[in-house]
Every structure is written in structure tokens, then in C-alpha cells.
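Q: sequence-free structure coming up:
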């Protein structure tokens, strides 16, 4: 069956034949040199100073596809006890609110040797357009097999297209939250297909009161710079963007005030902005939390920063309040947070803790919540292990040979 898609964004031609078997010359291998070469050249375009100035978040994406990083990813796919092959056909449905995530997902899958179709949202923003421009520019000098096996498309709410792609794929990768997962899953997979899902997630930040006080002014400021990157890229809407800030230790008021003062200064210097409509929405959401008794104090020092005091840790919101909205709660130790964590929790960013404190926290969680524990500034840094999945291995299949 051929489907005409009006929004082909990468790869020439508007027809996708979902029934024709792959030609022998189009078969890719795990770590295929043609794919590695393409991704490496794409990385150089994304790391170009002009691109980095317009979209700083693309620098992290370019770094992720540097040859050394690609080699490490391929090494993760290798096995000594089995032959490793591509999984086959992969259909990616990334979210609209994080412009770069589709490249991470697609790049690892392509590196594993899969044929890919990526549906890019009609609501994707300018960073996605910049990536697509770089993809198409890189394609011009690439091995033709890249164009024949990798596609980025945009289409509206067309269940017929989604159903056909779902029947075509061996693996369907669904990002974007519970609603997206539920909607896409209405289209059945072939019996041998499987889903890799990334539903709604919540992420947190924790600041050690003792660690903050022990840090010198330069370290404190650098921590706030990292925190601002985590929070303000993607308008605090990424799954790994911190929502609530937990102050771990007693008598934390002075630490909170200094942290917020530095945050206002850093956000101003970095040029982060929150428009008036968003600022109003944050106020509405904050007053709504206050009406339920979850919030005991609110401060609105600027459009870019909203600070709230939570009555208790269980009141920490798991929904998005708005860009630059930070509820605060004080606890005695990281272990006090363990009962409040659950499987929805993804990234826990931190500053000022000793390694043994973080290790004890991870062990106490026991896999029941929180998939990533990372320093401030690393919350949005994509890794091969994401949401508890070892992605390089998820994109491959194994054949065991016993003599």
C-alpha cells in the first residue's frame, strides 16, 4: 500500500510504500558506516556557531552525534553472547513541545540499522525546522541509502496513515504523554510488533542546604546557571524539566532567598523570557493551588519567576504550572522524599549532596520511582539510558547461535 503524505520533511518524494520489501542494497547493519558518516556530518552542522547562537539546545544534540559518542552507542549494542541485528522498521511519534527529542530517538534507531519513519508534529517550532534544514543539507552529499531508508513526515489527524505505519513497523516509539500513548495505541500493531512508550513524567530538583552553604559563590552561581538551563529550555515543559525544588536541611529560608535572587539575575542575563499571558496563567495556577491548601505563600518577583511554598511534600504538583514556576518544600533528608516518589517520576536533579547521600537515596527508591539522578544542568542532557530503557538495545534484536 502506498500512502501520499503532503508533509514529507526529509527524503524526496511524497509516496511511502509500506508493503514493498526492503531491497538487498538498502539493508543496514548495526553501526553501519554510511549512517555513522551521515550522523557525524549532521553533528558538525548543528555545532556550527551560527546555529548554536540561534538555538543553544542544538549544541547538546550535535555533541550527542559526535563520532566518539556514536562509537560508544554502537559499543552498547554489541553482545558477546549473541549476534545483534536491526529490529527492522521503526515508527517514531515524538512530542511537539520538545523540538529535539525526535532526532535523539531517530539517530539511535538509524545507528542500529533500522528503517525509520518519524512523524513530526504540525506544531513543532523553529528549532525543528533548523534541524530539518540541516538534515536535508547533509542528505545532499550522503550515501543514497540514507534517503531511501529514513523519512521525516508531517500529517494531520489521519488515522488511516497512523494505522498503516503501525502495521508496517516492528517497533513503535511513542513520546508525548499519556494521552498520546493512549491515542496511538488505538491503532493495532502487527502481531510481532511492540511499543516503546514514554508517557507523562514528572521531574524534580533537590538542593542541599548544607551543601549550598559550603559552596563558594562561583559554585552557587554555576549551579543556578545549570538549573536555569534545565528549567527554561522548552518552557519547563520537557519531561525532565524540574517542577518542584526540595530544600534538604533545616532553616533553609536564607538559602531559598539567595537561590531565587541568583536565579532572577541569571535568567535576566541569559535573556530567558516568559510572556505576559504565561505569567497570568502561572498566577491562576498558583492561586488555584493556594485555594486547595497546597500552597501557603506565593511570590511573583518577575514574569520569569514564580515562587511558591508548599504545605507538605505530597502537595508537590505533578502537572505543568507554567514556565518559571517553582514550588518549594523543605525536608530533613533525601530519604524523606522516598515515600512521595512513584513510577511517573523521571529525573531528579541535585546540588550539594555527598555521593553516599545520593547512593542511599537511589537504593531506597529501589526502582519504584525516578529513572535519572543527575547534577543541576544535566536534566535535559539526553542519554542512551532514558526513562529506564537501554535505548541502543531496544532498537536491536538478537540471534543466539549454539554449536
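A: Cool, the structure landed. The model shown is predicted, which means the values in this text are computed figures rather than measured ones.

Q: which elements pack onto the helix or strand residue 90 falls within?
A: Using DSSP states H and E, residue 90 sits within strand 89-93. Applying 3 or more C-beta pairs under 8 Å, 6 or more residues apart in numbering; DSSP states H and E, we find strand 89-93 packed against helix 101-111, strand 115-119, helix 159-168, strand 171-175. All C-beta atoms are positioned from the backbone trio N, CA, C, and that covers glycine.

Q: and the strands in the stretch 1-150 of the chain, which stretches?
A: Assigned by DSSP state E, counting those that start in this stretch, the strands in the stretch 1-150 of the chain fall at 2-4, 7-10, 15-17, 83-86, 89-93, 115-119, 150-154.

Q: circling back: make TSV out of the helices and strands packed on strand 89-93 and add distance to residue 239 and mean pLDDT.
A: As requested, the helices and strands packed on strand 89-93 are exported to TSV (distance: least, C-beta to C-beta, whole Å; pLDDT from 0 to 100):
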stretch	distance to residue 239	mean pLDDT
helix 101-111	9	90
strand 115-119	18	94
helix 159-168	22	93
strand 171-175	8	94
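
Q: for stretch 262-282, buried residues please.
A: 262, 263, 264, 266, 267, 272, 274, 278, 279, 281, 282 (16 or more other C-beta atoms under 10 Å).

Q: quick check: closest non-adjacent residue to residue 56.
A: residue 233 (7.8 Å; C-beta to C-beta, 6 or more residues apart in numbering).

Q: any weak-confidence spans in the chain?
A: Applying pLDDT under 70 to the chain flags the ranges 1-17, 19-20, 97-99, 123-125.

Q: the biggest helix by length in it: what's the following helix or strand?
A: The longest helix of the chain (DSSP state H) is helix 253-270. As assigned by DSSP H and E, the chain's next helix or strand after helix 253-270 is helix 276-291.

Q: distance from that following helix to the middle of the chain?
A: Remark: helix 276-291 is offset 26 Å from the chain centroid, using C-alpha atoms, centre = their mean, to the nearest Å.

Q: cool, and stretch 350-366?
A: 22 Å.

Q: go on, stretch 256-268?
A: With C-alpha atoms, centre = their mean, you get 25 Å for stretch 256-268.

Q: next one: stretch 164-183
A: 17 Å.

Q: can you list the residues that contact that stretch?
A: For stretch 164-183, the surrounding residues in contact (C-beta atoms under 8 Å, 6 or more residues apart in numbering) are 1, 3, 18, 87-98, 101-102, 105, 109, 114, 117, 119, 184-185, 187-190, 192-200, 394-395.

Q: return the set of buried residues in that stretch.
A: 164-177, 180-181, 183.

Q: could you do stretch 225-238 as well?
A: 225-236, 238.

Q: which among the buried residues of stretch 262-282 gets closest to residue 373?
A: residue 263 (21.7 Å; C-beta to C-beta).

Q: contacting residues around the closest one?
A: 224, 227, 228, 305.

Q: and the residue lying closest to residue 25 once chain neighbours are set aside, how close does it get to residue 165?
A: Of all residues not flanking residue 25 in the chain, residue 145 sits nearest, at 7.1 Å (C-beta to C-beta, 6+ apart). From residue 145 over to residue 165 the distance is 21 Å, taken as C-beta to C-beta, to the nearest Å.

Q: which residues touch the residue nearest the centre of the chain?
A: Central residue of the chain (C-alpha atoms, centre = their mean): residue 101, 5.6 Å from the mean position. Contact analysis of residue 101 by C-beta under 8 Å, 6+ apart lists 94, 95, 175, 382.

Q: going by neighbour count, which of these comes out on top?
A: residue 94 (26 neighbours; other C-beta atoms under 10 Å).

Q: right, and it touches residue 128 too?
A: No: contact status for residue 94 versus residue 128: not in contact, 9.3 Å apart, counting by C-beta atoms under 8 Å.
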